[in-house]
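[1] Provided below for reference: sequence and predicted model.
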Amino acid sequence: MNNSQQTVRVGFFFLLGVALIWVTFETLSGGHLFEDRGYKLIAGFDDLKDLKVGDEVRMAGVKIGTVDKTLLNEIQPQPARPMPSSIPPEAASAILRIDTKVRVAKDATAAIEQSGLLGNNYLAVTVGTPGAPSLQDGDQIATTVTPDFNSVMKDLGDLGHKLDGALSSLTTTFNGTDKDGGLFQKLDKLITDNREKLTATMSNLQEITTKINQGQGTMGKLINDPDLHDQLLAAVGQIKDTAAQAKEFVANAQGIIDQIKSGKGALGEIVYDQQTADNIKASIQNVRDVSDKLAKGEGTLGKLINDDSLFTSAKNTLNKADRAIDSLNDSGPITAVGVAADALF
């Protein structure tokens with residue numbers, strides 16, 4: 001083998017090694033070699049759920065970047081390159097490398113999702129509000145927690161423990177313990193101890209149902225007598241009619257009350273018209289004044305009521321008039337006037 005052939009082979013293996021190194025580095029560096037393309041966003045989580053460097057960042061199912069770094073917020077190592085200063089308060093952070101052409105809205109949120117049941121994790125970013133301001137390099141993106149397969153299985157395990165405890169309680173309730181019998185034992189004892197009472201109760205129920213079937217008693221007649229059933233329905237109908245009439249009466253009364261409140265009619269004017277009320281008060285006062293004068297013997301009618309002499313005089317006058325009329329029956333027409341005048345005066 002001459003030197004030229006050996007040189008060619010060495011050169012070939014060297015180029016092959018460089019190509020392999022290139023492919024390996026491209027794979028591990030997420031598709032970029034010498035410079036970092038895109039801008040960085042920070043997503044804080046209490047648990048990254050096996051999210052690792054190189055996992056995809058997707059928006060609406062489309063890859064828009066990758067996870068550039070994962071770190072614990074409390075024990076961050078000193079980075080070789082400058083890191084964003086905005087560190088979230090959660091336990092861990094994921095530094096996202098977002099494509100420069102993609103703008104993420106400030107109200108967008110990020111959540112760790114899983115591809116299928118046993119697939120790899122990825123970071124899902126919502127679209128956000130169209131037209132909203134965009135996050136800039138080093139900004140923190142809001143995050144939400146979504147249940148993963150492990151948390152679902154944990155919840156199912158907890159549910160299984162709870163169901164197991166509930167079934168154990170039911171088993172204990174039905175079967176009982178060594179010190180205390182179960183539900184079935186208690187029911188059996190209750191039935192055994194009260195067998196005679198239960199038998200008597202069942203006999204009474206049988207007797208009652210027999211009487212009802214034979215039409216005995218009020219309930220039996222109500223069930224078996226059609227006439228009584230019709231009478232009951234008629235009574236119910238009358239009650240309904242009475243209720244309707246009462247409702248109509250109440251409506252009419254309400255209408256009258258409304259008219260009175262609006263000042264319509266005599267009663268409405270009396271209640272709400274001040275002038276009418278004043279006139280009624282004045283009339284009542286006048287009647288009271290007249291009654292007071294009559295009681296005091298003032299005026300002709302008052303004197304007539306309170307003065308006995310006027311009554312006596314009027315009585316004597318009526319007696320004289322009566323005698324005068326009797327005299328007229330015996331005297332002629334010529335002397336009638338004279339006799340009347342003599343009798344009266």
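    Now that the structure is in, tell me what you want to look at.
[2] Look up phi and psi at residue 46.
    With angles defined as degrees, to the nearest 10, residue 46 sits at phi -70, psi -30.
[3] Ignore what I typed, I meant residue 72.
    Residue 72 adopts backbone torsions of phi -90, psi 140, taken as degrees, to the nearest 10.
[4] what does residue 43 give?
    Here is the backbone geometry of residue 43 (degrees, to the nearest 10): phi -120, psi 120.
[5] try the one 5 residues further on
    Geometry field for residue 48 lists phi and psi as phi -80, psi -10, criterion degrees, to the nearest 10.
[6] Mean confidence (pLDDT) on the helix or strand harbouring residue 23, please.
    Per DSSP states H and E: residue 23 is located in helix 3-28. Helix 3-28 shows a mean pLDDT of 76.
[7] Return the distance of it from the chain's centre.
    Its chain's C-alpha centre and that of helix 3-28 lie 76 Å apart, by CA atoms, centre = their mean, to the nearest Å.
[8] Helices of this structure, residue ranges please.
    3-28, 149-175, 183-193, 195-213, 217-224, 226-261, 265-272, 274-296, 299-306, 308-330, 333-344 (DSSP state H).
[9] Mean pLDDT lowest where, among the ones you listed?
    The minimum mean pLDDT among the helices of the chain belongs to helix 333-344 (a mean of 51).
[10] these two touch, right, residue 56 and residue 66?
    Yes. Residue 56 is within contact range of residue 66, at 6.1 Å (criterion: CB atoms under 8 Å). Quick note: C-beta positions are derived from backbone N, CA and C, even for glycine.
[11] more neighbours, the two?
    Of the pair residue 56 and residue 66, residue 66 is the one with more neighbours under other CB atoms under 10 Å, namely 21 against 17.
[12] Run through the bridge partners of the more buried one.
    Residue 66 forms beta bridges with residue 56, residue 97, as assigned by DSSP bridges.
[13] a markdown table please, covering the helices of the chain and showing distance to residue 70.
    Shown next, in a markdown table, are the helices of the chain (distance: least, CB to CB, whole Å):
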| stretch | distance to residue 70 |
| --- | --- |
| helix 3-28 | 15 |
| helix 149-175 | 18 |
| helix 183-193 | 56 |
| helix 195-213 | 73 |
| helix 217-224 | 81 |
| helix 226-261 | 77 |
| helix 265-272 | 85 |
| helix 274-296 | 89 |
| helix 299-306 | 119 |
| helix 308-330 | 128 |
| helix 333-344 | 143 |
